[in-house]
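J.: next comes the sequence, and after it the predicted model I'd like to discuss.
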Amino acid sequence: LAKTTQPISMDSYEGQEVNITCSHNNIATNDYITWYQQFPSQGPRFIIQGYKTKVTNEVASLFIPADRKSSTLSLPRVSLSDTAVYYCLVLDLENKLTFGTGTQLKVEL
Amino acid sequence: GAGVSQSPRYKVAKRGQDVALRCDPISGHVSLFWYQQALGQGPEFLTYFQNEAQLDKSGLPSDRFFAERPEGSVSTLKIQRTQQEDSAVYLCASSLAGSNEQYFGPGTRLTVT
């Protein structure tokens, strides 16, 4: 089965919107997509979860197309403190929890 | 409130030694997960408990890896006869029943020399 893949890295500037996409074409049909943020030497921290269409909370939005084979995390108006690695997490068709390959986001002034 | 704690934070073991890594989940969290994270990579699922029952251990890489949660709270991941390829950060996470929101501990960095 294909891995759950993400771009390796993204660069942005403070105040910009950042969109990070995860490709998960082997996702199980009945579970949520979850996104996490990880800083160096820390465990991942939950950002947002969704099943389909669009979900928004106080820190991010999550866009999921109808086929659920990908998802896009949107971070509005990023700041320096958003510099971190971002992971999607899905349950795959083998019923295995699978993290994406991770995206290193670097935010500059 | 207290989050998930793990101990030790750092462990150096000589090849062939046995190690035990402890996880204290958030009180009341039914589900508990263990992951292995190699340097520069995403976490890889190892095993999952619901209360004291180990419902999935499909991610354990070999029979040298063993996890337990005898009273449905604290969990221990044991690695026997450690090998260099076992060097990684071992993450523990817990969650409420039926929730996809996992709370992670800071991890234990294991280095096998």
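T.: Looks like it came in fine.
J.: and the closest residue to chain B within chain A, how far is that from residue B:10?
T.: Residue nearest to chain B within chain A: residue A:43 (2.9 Å; Cβ to the nearest Cβ). No exception for glycine: its C-beta is placed from N, CA and C like everyone else's. Between residue A:43 and residue B:10 the distance, using Cβ to Cβ, to the nearest Å, works out to 15 Å.
J.: neighbour-wise, which of these two wins?
T.: Set side by side, residue A:43 and residue B:10 show more neighbours around residue A:43, with 23 against 11, by other Cβ atoms under 10 Å in any protein chain shown.
J.: wait, that one sits on residue B:106?
T.: Yes - under the contact definition of Cβ atoms under 8 Å, residue A:43 touches residue B:106, with a separation of 5.5 Å.
J.: ok, and the closest non-adjacent residue to the residue nearest the centre of chain B?
T.: For chain B, the residue whose C-alpha lies nearest the mean C-alpha position (Cα atoms, centre = their mean) is residue B:34; its distance is 3.6 Å. Taking Cβ to Cβ, 6 or more residues apart in numbering or on different chains as the measure, residue B:34 lies nearest to residue B:46, with 4.2 Å between them; neighbours along the chain are not counted.
J.: that neighbour sits in which helix or strand?
T.: strand B:44-50 (DSSP states H and E).
J.: and stretch B:82-100, does that touch chain A?
T.: Yes - residues of stretch B:82-100 contacting chain A under Cβ under 8 Å from any Cβ of the partner chain: B:91, B:93, B:100.
J.: distance between that stretch and the chain's centre?
T.: Between the mean C-alpha point of stretch B:82-100 and the mean C-alpha point of its chain there is a distance of 4 Å (Cα atoms, centre = their mean, to the nearest Å).
J.: pLDDT on it, on average?
T.: Mean pLDDT, computed over stretch B:82-100, is 95.
J.: for it, buried residues please.
T.: By 16 or more other Cβ atoms under 10 Å in any protein chain shown, the buried positions in stretch B:82-100 come out as B:82, B:86-95, B:100.
J.: same check on stretch A:79-90?
T.: With the criterion 16+ other Cβ under 10 Å, stretch A:79-90 contains buried residues A:82-90.
J.: which other residues reach it?
T.: When contacts are defined by Cβ atoms under 8 Å, 6 or more residues apart in numbering or on different chains, stretch A:79-90 is touched by residues A:4, A:6, A:14-15, A:18, A:20, A:22, A:24, A:27-28, A:31, A:33-39, A:44, A:47, A:71, A:73, A:75, A:97-100, A:102-109, B:42-43.
J.: which of those are buried? Put it as a ChimeraX command.
T.: Filtering those down to the buried ones (16+ other Cβ under 10 Å) takes a single ChimeraX command:
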select /A:4,6,18,20,22,24,27,28,31,33,34,35,36,37,38,44,47,71,73,75,97,98,99,100,102,103,104,105,107 /B:42,43
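J.: in chain A, what residue spans correspond to strands?
T.: A:9-13, A:18-23, A:33-38, A:45-50, A:53-56, A:61-64, A:70-75, A:84-91, A:97-99, A:103-108 (DSSP state E).
J.: and the second one, what other elements does it pack with?
T.: Based on contacts counted as 3 or more Cβ pairs under 8 Å, 6 or more residues apart in numbering or on different chains; DSSP states H and E, the elements that strand A:18-23 packs against are strand A:9-13, strand A:70-75, strand A:84-91, strand A:103-108.
J.: hmm, the first one in reach of chain B?
T.: No - between strand A:9-13 and chain B, judged by Cβ under 8 Å from any Cβ, nothing touches; the nearest distance is 11.7 Å.
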